[in-house]
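> sequence first, predicted model second:
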Amino acid sequence: MKYIDLHCDTAYRMLNEKLPLGSSICKVDVEKLKKGGAIAQVFAFFLDLDEVSDPFVGFMDMYKNFMKEVNKNRDSIKIVRNLKELKEVERIGKVGAFLSIEEGEVLNGEIDKVKEVYDLGIRMITLTWNYENSIGYPNYNFKYKDMGLKDKGIEMVQEMERVGIIPDASHLSDQGFYDLVNLCKKPFIATHSNSRRIMNHPRNLTDDMIKLLAEKGGVMGLNFCNDFVGENKVTSINDLVLHAKHIRNIGGIDVLSLGSDFDGIENEVEIKDTSEMNKLANYLEKEGFSYYEIEKIFYKNIIRVLKECSKE
């Protein structure tokens, strides 16, 4: 089954561990993506604010390193910015690389930077990570659960929608999520979040959030991090499917997608890397999901969202 994964932190590892994109110890690389049948991978430029003095400069360092590696592997992978480019990349047998940012403070609170990163190919932005920033508050240990988007954050989200960047609610406070529901005119997403009913963790979405996200036409990507999945040290496929079943029952099949968080999570997974994504497809089929439903989870749902949110 071909697929699109909404979140990995491979670009961060590539820069900090001096790793190549083609073939490496990473859970995501070109070789593994091709072996697994990926149509596209969303590569997140993750910034830890404690590690950088200027988030935008840190982002650009990571971006330049990643683009250099994409160029080295241009026979196998290509940056894609819209569905037209994705279709062409698929036609010629390459893997598409969508680009996102994980930490909205990369924008440094400057509205003009939204269009600037868009022009660099960014199509999704995770508004917060684990720190308060100029946009809003994280759901770190529920500390900021009831704190919503800041005034600057509202402006930023409106500008993202205007230019064609999809706001990502993963890591965002509960109230921030509800602010997006009321603010966004188009679908928004939670690239790597699971069900809070199944696993009571602040990074997961409540049933009410899942319903509202579905009503907005958005999607949530199944996250493989054991803290968000279950009690096992090694994330089991069975536990991932428990989340998938519950999310489908609450929000319908159209809200489900993939968001592995590979190369960001520290635990091992029964799906050992991105080359083994079909293990999940096979298990879903065994558990009663139809081929049509699995197609939606694996790529069709996010393609619909990209179509609805694209300016191109």
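Arrived safely, thanks for sending. These numbers were taken from a predicted model, which means no experiment stands behind them. Residues are numbered from 1 along each chain as shown.
> for the stretch 51-200 of the chain, which segments count as helices?
55-72, 83-91, 112-119, 151-163, 174-183 (DSSP state H, counting those that start in this stretch).
> winner for burial among the ones you listed?
Ranked by mean neighbour count under mean count of other Cβ atoms under 10 Å, those are led by helix 174-183, which reaches a mean of 20. From N, CA and C alone the C-beta is placed, and that goes for glycine too.
> what helices or strands is it leaning on?
helix 151-163, helix 207-215 (3 or more Cβ pairs under 8 Å, 6 or more residues apart in numbering; DSSP states H and E).
> got those as a markdown table, with mean pLDDT and distance to Leu19 columns?
Output for these, formatted as a markdown table (pLDDT from 0 to 100; distance: least, Cβ to Cβ, whole Å):
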| stretch | mean pLDDT | distance to Leu19 |
| --- | --- | --- |
| helix 151-163 | 98 | 30 |
| helix 207-215 | 98 | 34 |
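> wait, which of these is closest to Leu306?
helix 151-163 (13.8 Å; Cβ to Cβ).
> gap between the closest one and the chain center?
Put simply, helix 151-163 sits 19 Å off its chain's centre (Cα atoms, centre = their mean, to the nearest Å).
> alpha carbons of it, as PDB, please.
In PDB, the C-alpha atoms belonging to helix 151-163 read as follows (Å, rounded to 0.1, in the frame of the first residue of the first chain):
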ATOM      1  CA  ASP A 151      -3.200  37.800  19.400                       C
ATOM      2  CA  LYS A 152      -0.100  37.400  17.300                       C
ATOM      3  CA  GLY A 153      -0.900  33.700  16.900                       C
ATOM      4  CA  ILE A 154      -4.400  34.600  15.500                       C
ATOM      5  CA  GLU A 155      -2.700  36.900  13.000                       C
ATOM      6  CA  MET A 156      -0.200  34.200  12.100                       C
ATOM      7  CA  VAL A 157      -2.800  31.500  11.500                       C
ATOM      8  CA  GLN A 158      -4.900  33.800   9.300                       C
ATOM      9  CA  GLU A 159      -1.800  34.600   7.200                       C
ATOM     10  CA  MET A 160      -1.000  30.900   7.000                       C
ATOM     11  CA  GLU A 161      -4.400  30.200   5.600                       C
ATOM     12  CA  ARG A 162      -4.100  33.100   3.200                       C
ATOM     13  CA  VAL A 163      -0.900  32.000   1.700                       C
END
